[in-house]
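1. With the input below, show me the fold.
(4 chains)
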Protein chains: 4
Amino acid sequence: MAYKDVLRKIVDDNTTKKGKIFDNVVQILIFISLTAYAIETLPNISPLTQSILFWIETVCIILFTIEYIIRIYIAKNPFKYIFSFYGIIDFLAIFPFFLTATYDLMALRAFRIFRIFRAFKLIRYNKALNRFEIVWKLIREEVILFLIVTGIFIFLASAGIYYFENAAQPDKFTSIFHGGWWAIVTLTTVGYGDVYPITVGGKIFTFFMLMVGVGIVTIPAGLVASALTKARQIEDEALLENEKSKKEVET
Amino acid sequence: MAYKDVLRKIVDDNTTKKGKIFDNVVQILIFISLTAYAIETLPNISPLTQSILFWIETVCIILFTIEYIIRIYIAKNPFKYIFSFYGIIDFLAIFPFFLTATYDLMALRAFRIFRIFRAFKLIRYNKALNRFEIVWKLIREEVILFLIVTGIFIFLASAGIYYFENAAQPDKFTSIFHGGWWAIVTLTTVGYGDVYPITVGGKIFTFFMLMVGVGIVTIPAGLVASALTKARQIEDEALLENEKSKKEVET
Amino acid sequence: MAYKDVLRKIVDDNTTKKGKIFDNVVQILIFISLTAYAIETLPNISPLTQSILFWIETVCIILFTIEYIIRIYIAKNPFKYIFSFYGIIDFLAIFPFFLTATYDLMALRAFRIFRIFRAFKLIRYNKALNRFEIVWKLIREEVILFLIVTGIFIFLASAGIYYFENAAQPDKFTSIFHGGWWAIVTLTTVGYGDVYPITVGGKIFTFFMLMVGVGIVTIPAGLVASALTKARQIEDEALLENEKSKKEVET
Amino acid sequence: MAYKDVLRKIVDDNTTKKGKIFDNVVQILIFISLTAYAIETLPNISPLTQSILFWIETVCIILFTIEYIIRIYIAKNPFKYIFSFYGIIDFLAIFPFFLTATYDLMALRAFRIFRIFRAFKLIRYNKALNRFEIVWKLIREEVILFLIVTGIFIFLASAGIYYFENAAQPDKFTSIFHGGWWAIVTLTTVGYGDVYPITVGGKIFTFFMLMVGVGIVTIPAGLVASALTKARQIEDEALLENEKSKKEVET
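-> Coordinates of the predicted model:
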């Protein structure tokens, strides 16, 4: 039982020295594993590189599996861990390998895409997310409202450009959905240049959409900025309160 | 009369349980209706899909018409409702269907575009717009000033690029209005790539326009951010005032 | 002399009713004149349109000339007005017409470009610029620093991309100046698509430049936002001070 | 020794009149030198221009070398200066010239790129960086967190678009790394137009990536804005404290 506690300190507690080393090792492993995954998609890989990639993958899988088993072993409630967000992520990070290793079927190869879920394993190690959580709570309602308004705005832009450009460019503005692709690419100011209005009406319409749209796009920046200012204030006040109560105790 | 009150509670009051269900049903209907509208613009729709779309549209229209009639019926002043913003939107959402159903003329088909006004019906259900209203009041003057300054700036950019690029690309920078299209697409940083300067003078001009222009584009973001910070402060102070007066009452 | 005062009230004072009408008339004239100027650049204008444009221009010039003479007449120090910012703008708005009307030489036609300076006349009528002046004073130093840092950054990006891409695209990245065009278009996120890296090195370099560059671009937005927040605070404090002193007077 | 002090006042102290002149001269030299460097990369330079550039470069090098020697001479600890950040920058600014002048080998020409490090010499003269340092300290943690989250996000976007577009455009979305180029160009809203999704799945995926991505891009703006607001507050409080303690001393 004491052995279990020692393990728990290493795996779960990232304030001890050993815990930090464990965390860093896992993070490096995730990084190597994701890099190998990306390299595998390159065309014309030499057989040598392929075998190196295979060995990297195998070693990573073994270590992730050990990590997964340890995490089940040390969990106070193993089932709770297994069906938790991180439990599922940890499982999906190793599951496709065993599946494709056992049954080498083409259909199963699609499961390899689950390997990208390993990227989510990285989030576990960020404890600085605290302020962003406060910010999120402060702006949640406005963000949802913003998304609804943006949704309506994109729909109107899509339908509008369809009416202006459909006759002139029937192959590019074939339907409102095609107009939607234009609306997204334009209102986010990406502007690939694959679709753009060529009629005078469409250009004037784009002008007004952009005038309003650029204003809408600045709203999240404003929201985040004002909420971060507020979050800082909340933290400062909490600090002040703390110091006050300390002084009172001292007196 | 009591029946009228019950209906009013369902249709107008979104705090009761039944009112919430009614609101959600109408919102889903609007969403379905807009989706059907977008799908109709797709080319090569099968006759089956066409008839499904027709039935969806008919059902939506019937329900919207019932909603419209109920809203007139329960209104304390029916004429006030009919000529209110939402009254007109509700009417425009059903009107084109009846028109095209009665007289099947090509000329009337243009009225179908009014169906996109249904998107505005969605706004009615957002009660969280409050903070944005405070923000709007705080920044209205600056936004108008910003639009005037932007307008002057776009005009100067349009005229400038016309002088620099007209000789080199007479087909793309044919007039100041053509330069205006370039100015909008460039200063909003969309940059489709359909028009861009090719002369050295035009490129240097673009450099200076962008240096100033990117600064101008950040002003709305700054305005919204600072106004949101102020709006939060106003709300906090109102809350404090409230608590104070409550305490005073208690004493 | 009394007549001079009446004129002064109409032309200089925009708080009186007549002053407001005068201001609005001049603004509409400026707008019409700029629109006519833009239309003139359109190709294939009919002789009728040309003569209409000529008459609009003539009428505008006559009225602007009258305005200019009145402004000299009512000025307490005419020379001071003539050589002030607005005095020069007012002169440049009418000067090219008289020059080209007297000597009809091709060489003088270039002076017609001065007509775009009429756009600056519009700025006179905006009294709401006050807050932006406070903001400008608050952030002037940082803006200058920002421009220097941006300048260095653009130079490094230009030189860097030149080294990466010159060999692969000698016609597009011919010199550091050509690289500069790429740097401006990319770092402002316009991205026309006329020049972009194609080598692996150039793409990785672009990645790092964009990571830093997008951060740099957000600095002005942050500056404006924080300065606007501060400007609001200053105004609020001034208001509070005012109210306090009023109360003290009352007691 | 007194002579050394005089020199030190000129070279190191930019509050005296002579110190300011020295600083400005060096800054102009750096600017001229960088301009000459950029002009050299232009194709088809005439022999005359080439010799002018050579003389400019030689004069700049001589003056920078004198500056370097003076700085070593006046330094209290010469070795500390030589291996300091600015010491290395000063050395790299002159080193390539002497190297290529001595051994005229093609291989050594690559060292000429070090001349761009002269741009860093300019930073020494900006004393207004103070507020940005406070800001940097306030947001360092969040910036690092932001970079990690962005990194994960870019990876997921790269892998995702690879799966959607690889089959349709195998030459453009050849591997996850190619997808990465798309992800960077799209999420920073540059949008060159060299790579973009053409499948329906890829376009819908782009929509969701942009919706989240534009939100992520606004976070640094929000961070900088809120930190600048905080930095102003810190400065104001420090000023108030100062005034308070002064008043207390006076009493």
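
2. And A:Phe64, how far from D:Gly201?
-> 29 Å (C-beta to C-beta, to the nearest Å). Using the backbone N, CA and C atoms, a C-beta is placed for each residue, glycine as well.

3. Contact partners for A:Ala183?
-> Listed by C-beta atoms under 8 Å, 6 or more residues apart in numbering or on different chains, the contact set of A:Ala183 reads A:154, A:157-158, A:161, A:209.

4. Take those and keep only those in helices.
-> A:154, A:157-158, A:161, A:209 (DSSP state H).

5. Compare those and tell me which has the most neighbours.
-> A:Ile161 (27 neighbours; other C-beta atoms under 10 Å in any protein chain shown).

6. Work out for me the element the closest residue to that residue other than its chain neighbours sits within.
-> With sequence-adjacent residues excluded and distances taken as C-beta to C-beta, 6 or more residues apart in numbering or on different chains, A:Ile161 is closest to A:Gly179, at 4.6 Å. Assigned by DSSP states H and E, A:Gly179 falls within helix A:176-187.

7. Report the mean per-residue pLDDT for that helix.
-> Averaged across helix A:176-187, pLDDT comes to 93.

8. Break chain A into its domains for me.
-> A:2-125, A:130-250 (automatic domain parsing).

9. looking at chain A, which helix or strand is least sure?
-> Ranked by mean pLDDT, DSSP states H and E, the weakest helix or strand in chain A is helix A:106-109, scoring a mean of 57.

10. before we move on, back to that, quick check, nearest of the ones in helices among the contacts of A:Ala183 to chain B?
-> Nearest to chain B among the ones in helices among the contacts of A:Ala183 is A:Ser158, at 7.5 Å by C-beta to the nearest C-beta.

11. got the contact list for the closest one?
-> A:Ser158 neighbours (C-beta under 8 Å, 6+ apart): A:176-177, A:179-180, A:182-183, B:38.

12. What's the separation between A:Leu63 and chain D?
-> Separation of A:Leu63 from chain D (C-beta to the nearest C-beta, to the nearest Å) stands at 20 Å.

13. before we move on, which element is that residue in?
-> If you go by DSSP H and E, A:Leu63 is part of helix A:47-74.

14. State the mean pLDDT of that helix.
-> Across helix A:47-74, the average pLDDT comes to 91.

15. residues making contact with the helix or strand encompassing A:Thr100?
-> For A:Thr100, the element it lies in under DSSP H and E is helix A:85-102. When contacts are defined by C-beta under 8 Å, 6+ apart, helix A:85-102 is touched by residues A:57, A:61, A:64-65, A:67-68, A:71, A:81-82, A:108-109, A:111-115, A:117-118, A:120-121, A:124.

16. picking up where we left off before, is it possible to export the contacts of A:Ala183 to TSV including pLDDT?
-> Conversion of the contacts of A:Ala183 to TSV gives the following (pLDDT from 0 to 100):
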residue	pLDDT
A:Ile154	91
A:Ala157	93
A:Ser158	93
A:Ile161	94
A:Met209	91
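
17. And the residues you listed, which is closest to chain C?
-> Distances from chain C to the contacts of A:Ala183, taken by C-beta to the nearest C-beta, are shortest for A:Met209, at 17.8 Å.

18. Could I have the PyMOL command that selects the buried members from the contacts of helix A:85-102?
-> In PyMOL syntax, the buried subset of the contacts of helix A:85-102 is picked out as below (16 or more other C-beta atoms under 10 Å in any protein chain shown):
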select buried, chain A and resi 57+61+64+67+68+71+81+114+115+117+118+120+121+124
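
19. Close to chain D: what parts of the stretch 151-251 of chain A are there?
-> Taking C-beta under 8 Å from any C-beta of the partner chain as the contact definition, the stretch 151-251 of chain A meets chain D at A:180-181, A:184-185, A:188-194, A:217, A:220-221, A:223-229, A:231-232.

20. Can you tell me which residues in the stretch 51-200 of chain A are near chain B?
-> A:141-142, A:144-145, A:148-149, A:152, A:155-156, A:158-160, A:162-163, A:166, A:174-177, A:180, A:186, A:189-193, A:196.

21. Mark which of these are buried, thanks.
-> Of the members of those, the ones counted as buried by neighbours, 16+ other C-beta under 10 Å, are A:142, A:145, A:148-149, A:152, A:155-156, A:158-160, A:162-163, A:166, A:174-177, A:180, A:186, A:189-193, A:196.

22. Farthest-apart pair in the contacts of A:Ser158, please.
-> Of all pairs drawn from those, the greatest distance, 13.5 Å, lies between A:Trp182 and B:Ala38 (C-beta to C-beta).

23. which one of those two has more residues nearby?
-> A:Trp182 (25 against 19).

24. My guess is that one contacts A:Tyr192. True?
-> No - with contact defined as C-beta atoms under 8 Å, A:Trp182 does not reach A:Tyr192; the gap is 9.9 Å.

25. Up against chain C, what does the stretch 101-250 of chain A have?
-> For the stretch 101-250 of chain A, the contact set with chain C under C-beta under 8 Å from any C-beta comprises A:189-193, A:221-222, A:225, A:229.
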